[in-house]
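J.: What shape does this take:
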Amino acid sequence: MFYVAEALLAHIEQSYSSHSAVIAAFGREYAKRDKVDIKFHRWLIAAQNFRNVGDYGVEAHVSQEQARSVCEWADEFIHAAAR
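T.: Modelled structure (predicted):
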């Protein structure tokens, strides 16, 4: 979803060097302007949080159910971006 968000921003000639900047810009340019359903911005934020847990979490972990949900979100996110 992150790379799709980056691609959508590139489409409007915007580029950012951090994950948080991409997520914020996606929210500002697409979700808040009703170009996509706001749930996609929420999902992007949640997926980034899961990524942080997966990469840096010592005691916390991402469950299989959570990972499955993110994969379903990503599929819908990709299809929405294509439209």
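J.: what's in contact with the helix or strand bottoming out on mean pLDDT in the chain?
T.: Every helix and strand in the chain was compared by mean pLDDT, DSSP states H and E; the lowest is helix 38-56, with a mean of 91. Here helix 38-56 makes contact (CB atoms under 8 Å, 6 or more residues apart in numbering) with 1-2, 5, 19-20, 23, 26-27, 30-32, 60-62, 66-67, 70, 73-74, 76-77, 80. All C-beta atoms are positioned from the backbone trio N, CA, C, and that covers glycine.
J.: residue ranges of the helices in the protein, please?
T.: 2-11, 19-26, 38-56, 64-82 (DSSP state H).
J.: Check those helices for me and report the most buried one.
T.: helix 19-26 (a mean of 17; mean count of other CB atoms under 10 Å).
J.: Report the angle between it and helix 2-11.
T.: If you take axes from the mean of the first three to the mean of the last three CA atoms, to 10 degrees, helix 19-26 sits at 60 degrees to helix 2-11.
J.: what about the chain, any weak spots by pLDDT?
T.: For the chain, the stretches flagged by pLDDT under 70 are 58-59.
J.: State the distance from the most centrally placed residue in it to residue 60.
T.: What sits nearest the mean C-alpha location of the chain, by CA atoms, centre = their mean, is residue 44, with 2.3 Å. Between residue 44 and residue 60 the distance is 20 Å, computed by CB to CB, to the nearest Å.
J.: That'll do, ta.
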